[in-house]
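Asker: Next one to model:
(chains A and B)
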Amino acid sequence: MADIEGGLSREEMIRQYHRSLVVKTVILVVSIVGILLFIGLFSLSSYEGISLRDSYEIIWNHLIGASYEKNSLFWWADRYIWNTAMPHAVAAIVAGAGLAACGVLMQALMTNPLADPYSTGISSGACFGAVAAIVVGISFSSVGGEFGIVVNAFVGAMVPALAIIVLSEKIRMTPATLILLGTAISYFFNSMVTYMMITTDADTLKSAYMWQIGNLDGITWSGLEIMVPATVLGSAFTMVVSKKLNVMSLGDSSAISLGLDVRRFRTLCLAVMAVVTAAIVSFTGILGFIGLVAPHIVRLVAGSDNKFVIPISMAFGAFLLIVSDYVAMELANIPVGVILSIIGSPLFFALIVFQSKRTGAIY
Amino acid sequence: MEKSLMIKLVAVIAVVVVVAAGAAVVLTSDSGKDSGKDPDSPSVSATGGLKIRGNVDGNNTIDQADMDFLLKVKEDPSLLSEYPYADVNGNEVVDDEDVAILQDMIDRKEGITVYVESLDRSGNTVTVPVGYPLRNVVPVGVNIQMPLLYAGGGEYIAGYFDKGYTEAEKAFSSDARNLYGSSRTISDGAWANFTKLAADLQKDGGVGAFIIDYSTISNITDQRAADLSDSGIPMISYMSADSTIELYTILTLSYLFGKDTEKIGSDYSALMDDVLKQIDGKLGSLADEDKTTYICFTMTLYICGSESTYNWNPSTVHGRPYGDVNSDFASKYVSGSTMMESTEALSNYTDVGCLISNRSSDWQTDTRFGTTEENIRDLVVTTWETRNAPDFFKGLEDKLVYVNNILPGVAKLAYLAVALYGDQFTLEWANGVLQDCIDLGLVPLQGYTIEQMVPYIDYDLYIKCKN
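Answerer: This next block holds a predicted model:
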């Protein structure tokens, strides 16, 4: 059979395609199995007398309505697993998947490998809202207490997002313009946050700083009632438009020549991304790194077709975050945002070096 | 650019600027707001010092006299408002059940339930049923851990979230389990450790009480409160940073821990009475304008606002908060504490009478670098010069004093009296009060000298040590 351009035979191309499919499937399966494993590990992390099997059994028994003797080890474990560990684990999965999906979306929209869900200044806006609530007690709503911080963060996140969306409808918004506007907004909000933080006492400063680092502590089922639907709908949207994102990755000119209404599509994607990211960070704080790195790691080993990159990135992002959260919990009192970078950075670094050595420059 | 676009663009910028300006206004007008850490002075009712129902006559001990009063109230229910603790079980009725419980309390019968007044999460006074004698407690927050130790309850601590003072908190039971929280935070992992402890203690009667300083109450989320409630673990909470509240914390806990510790509480109460009488005797008739004004500090450079609980102790010894005489200071420093941003922060308040720094310092025993005296010298100089403090207090050094915040409250009051009214009270007198605390047998003080506790530092001591 004749060789095809590039020196690959049809059989070799088919073999390579199958190999690539296997790699994608393996990453997906490993991530999903890893997530399920860590849900169990989460549950038993503080219960030495309970095995991994017991953990799953407690989860199952809870689902079927079984109960335990009051104050017994399994009674406490059941309460801990269902009221703390499970919301924790589900939040890690949802936030990891959502931020990774938004990362893919932003990198495709911006045709920029450094883009992430926070590139439009969402994180700075959310931070401003949260710190305003924590430090000076300003509330953007009538909601008070812990949930007041969440509402403030959400409103704060939406301010830069809406500003950019409104502007993108009215001016010629190139990816570079978007990133520069996001940078300007970030600097503005960061300056306000810095001012608030240097004028407060050490305990409040610590609370505000901890919020910025990102933490899944204290997330309850009621918090997930907002985070989960936003992420599921946003992720579903991202998957549906994956082919268009492939087109966007070619650049605005190519996308327009292929019949895509780039401006409208970008605005729509930005709106979806803003809602999903705001819904996540308002509960978790700024979980950096994951939206930037999870898509890249997946692209490095599974190619750049967004049809695959989106679901695999979501699974991998969720896996990375739940592993980091587990390690953070085991090490006690270390915020997951710190562990996320400690685990993810060397992995990302090694992959870039390995791939660059194997195939030359990768970006 | 189209005109309509320009208008919308300007509108967006205007919204952002308005939000920022609004924030700036709030920041400049109230930059020290403390996000609820200084809640509106919740208070447990003023019935005596012992916050146990059954202390009917309010004399801080449970005895036959209480029963006599209870029987009078039983006969004439209209007296209940005068003697609310006659309702021993807190069900708003005085009947035979109250008589039976009180008799058990008088007999110091073990295994009974007593009813303790405490703060709930909202700062309201509630009655909490607690098993007697109290065992297997888990304290949260140093402001309540020290009173618990002073009450002689160290050996009954089953677990703790943070232990910051190696020496002062040495009396923690050696079996107490570290639950790995931090000084002000209980993470999900730490809470899981607590629940595991609760499960492990089930065979030994479970956790007797969760004892929390009210300033850290935000750690008790709805879910955690439900955990405590559903498992039957009582939560006892007081704002124990204030010496008066610390007194009834010690009284109440020393009663709950049983016969062996009850005397500590009553002796400590008597000492507090004596010291307050001495202070009131000399200062009680002072007119407001004759009182020494003061500004409190925490963590060296943080100015305490007028609502901060740190102001309560100096007020008890007849000091006058500086905000009362300087409206500019009062409006600038309201709640919580605000870090001094510049060396000029105090420049407009030089007429203040006293600057009180509330510092916490463990008892000193480290002799690795020489004698204890040398270590104290190092500590004093280091403390004074922490974070460039001399620059911030320049020109006011002779008004600045440091009082060790983990001392027993009665000793803190004595040293504050010296700081505010040095012409009426001497340092030797305050040292005598601290020595009385040692002599009373307060466990955390045993085996240490006054010098090792570095209770009080003023400028004279600093200069003496430095040279």
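Asker: confidence score at A:Ala130?
Answerer: pLDDT for A:Ala130: 86.
Asker: what's the average pLDDT for stretch B:429-445?
Answerer: Mean pLDDT, stretch B:429-445: 96.
Asker: Quick check: chain neighbours aside, which residue is closest to B:Gly49?
Answerer: For B:Gly49, ignoring the flanking residues on the chain, the nearest one in space by CB to CB, 6 or more residues apart in numbering or on different chains is B:Tyr248 at 4.2 Å. In this view, the C-beta of every residue, glycine as well, is placed from N, C-alpha and C.
Asker: What number of residues are in the vicinity of A:Met173?
Answerer: 20 (other CB atoms under 10 Å in any protein chain shown).
Asker: how much space between it and chain B?
Answerer: 13 Å (CB to the nearest CB, to the nearest Å).
Asker: if I read this right, that residue contacts A:Val262, doesn't it?
Answerer: No - applying CB atoms under 8 Å, one finds A:Met173 not in contact with A:Val262, separated by 9.4 Å.
Asker: For chain A, what's the nearest residue on the stretch 51-200 of chain B?
Answerer: B:Ala192 (3.5 Å; CB to the nearest CB).
Asker: To which secondary structure element type does that residue belong?
Answerer: Using DSSP: H, G, I helix; E, B strand; the rest coil, the structure places B:Ala192 in helix.
Asker: Which pLDDT value belongs to it?
Answerer: Looking at B:Ala192, its pLDDT is 86.
Asker: about what we covered before: what's the spacing between the residue nearest to B:Gly49 and chain A?
Answerer: B:Tyr248 is 25 Å from chain A, by CB to the nearest CB.
Asker: neighbours around that residue, how many?
Answerer: 25.
Asker: And it, which helix or strand is it part of?
Answerer: helix B:243-256 (DSSP states H and E).
Asker: quick one: the residue nearest the centre of chain A and A:Ala92, what's the gap?
Answerer: Nearest to the geometric centre of chain A sits A:Leu99, at 2.1 Å (CA atoms, centre = their mean). Separation of A:Leu99 from A:Ala92 (CB to CB, to the nearest Å): 11 Å.
Asker: okay, and the common contacts of the two?
Answerer: Listed as contacting both A:Leu99 and A:Ala92 by CB atoms under 8 Å, 6 or more residues apart in numbering or on different chains are A:Leu321.
Asker: so does the helix or strand encompassing A:Phe189 get close to chain B?
Answerer: Here A:Phe189, judged by DSSP H and E, is contained in helix A:175-198. Yes - Helix A:175-198 is in contact with chain B by CB under 8 Å from any CB of the partner chain, via A:188, A:192, A:195-196, A:198.
Asker: For the stretch 101-250 of chain A, what lies in contact range of chain B?
Answerer: Residues of the stretch 101-250 of chain A lying near chain B (CB under 8 Å from any CB): A:128, A:132-138, A:146, A:159, A:163, A:166-167, A:170-171, A:188, A:192, A:195-196, A:198-204, A:206-207, A:216-218, A:220.
Asker: Mind checking which of these are buried?
Answerer: Buried by 16 or more other CB atoms under 10 Å in any protein chain shown: A:128, A:132-138, A:159, A:163, A:166-167, A:188, A:192, A:195-196, A:199-201, A:203-204, A:207, A:216-218, A:220, out of those.
Asker: hang on, isn't A:Ile50 packed against A:Trp75?
Answerer: No - the pair A:Ile50 and A:Trp75 does not pass the contact test of CB under 8 Å, sitting 11.8 Å apart.
Asker: Looking at the two, which has the bigger crowd around it?
Answerer: For A:Ile50 versus A:Trp75, neighbours defined as other CB under 10 Å are more numerous around A:Ile50 (23 against 20).
Asker: For the stretch 151-300 of chain A, give me the ranges with low pLDDT.
Answerer: Within the stretch 151-300 of chain A, the ranges that satisfy pLDDT under 70 run A:201-203.
Asker: residue contacts, the residue nearest to the spatial centre of chain B?
Answerer: Closest residue to the average C-alpha location of chain B: B:Ala241 at 1.4 Å, with CA atoms, centre = their mean. Counting by CB under 8 Å, 6+ apart, B:Ala241 touches B:143, B:213, B:215, B:309-310, B:312.
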